[in-house]
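Visitor: my questions are about this predicted structure, shown below with the sequence.
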Amino acid sequence: MRVLVGIGFILAGLAFLFYPQWELERHDQKQKQLIYAFEQMGSVSEHVPAEKTTAPTAQTSAPAALLAGAKGVIRIPKIDLEMIIFAGADSLVLNKGAGMIEPDKEFGKNNVGLAGHRGATRGKQFNRLDELAPNDEIDIQTKTANYRFVIVKTFVVDRTQVEVLDDQAEPLLTLVTCTPVGAKNPRERLIVQAKLSAKS
């Protein structure tokens, strides 16, 4: 009996130890599938004659179905971040990717706010935003254009200070996440603000 209890504790300890890494790999794999599906949107109908298309398989249709509300892809090379951006910022959206706080705004024209969770697993979602600094780059890919933003400042505000999302004289990108990592219902928000540097 003691042996079984001991084995149970060992297995539970191993599961506790390896779960964060497994969760991160699962999250990364899902993001890769979604990003691939996003990048392929429209390519079949534009380049393949209708009679040659085949019915989607469960593997290809599942990621496509999850793309409802997809607005683009955010990439931040410095912190190895690559995530799908979805319209809205409720809990369902933020569990899938980054959320576009005001979906009617346009990249390259407005101050677009993107919200993201800070997961307990290092490298998941927005939890490495605190590593960013002025002059780091952020790339946004949409269905119609690619945008490069350069970070101008990072700072912390109270969660009520929503004026950080107000439009300015130039196009901006404003990343928003809770701080500190792991705090329950934190009052503060980490803000990373970047200006448009290129569009293609």
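Guide: Received it, and whenever you're ready, just let me know what you need.
Visitor: and the strands in the protein, which stretches?
Guide: Remark: strands assigned in the chain by DSSP state E are 70-76, 81-87, 98-100, 111-115, 137-141, 146-158, 172-179, 188-199.
Visitor: just checking, what packs against the fourth one?
Guide: Strand 111-115 sits against strand 98-100, strand 172-179, with contacts defined as 3 or more C-beta pairs under 8 Å, 6 or more residues apart in numbering; DSSP states H and E. Backbone N, C-alpha and C define where each C-beta goes, glycine included.
Visitor: report the buried residues of stretch 156-174.
Guide: For stretch 156-174, a neighbour-count test (16 or more other C-beta atoms under 10 Å) marks 157, 165, 171-174 as buried.
Visitor: with pLDDT and distance to Phe126 added, can I get those residues in JSON lines?
Guide: Below are these laid out as JSON lines (pLDDT from 0 to 100; distance: C-beta to C-beta, whole Å):
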{"residue": "Val157", "pLDDT": "93", "distance to Phe126": "15"}
{"residue": "Leu165", "pLDDT": "94", "distance to Phe126": "16"}
{"residue": "Pro171", "pLDDT": "97", "distance to Phe126": "21"}
{"residue": "Leu172", "pLDDT": "98", "distance to Phe126": "17"}
{"residue": "Leu173", "pLDDT": "98", "distance to Phe126": "13"}
{"residue": "Thr174", "pLDDT": "97", "distance to Phe126": "12"}
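Visitor: closest to Thr144 among these?
Guide: Minimum distance to Thr144 across the buried residues of stretch 156-174 is 15.0 Å, recorded for Pro171 (C-beta to C-beta).
Visitor: which non-adjacent residue is nearest the closest one?
Guide: Leu196 (4.2 Å; C-beta to C-beta, 6 or more residues apart in numbering).
Visitor: right, and that neighbour touches Ala169 too?
Guide: No - the pair Leu196 and Ala169 fails to qualify as a contact (C-beta atoms under 8 Å) at a distance of 11.8 Å.
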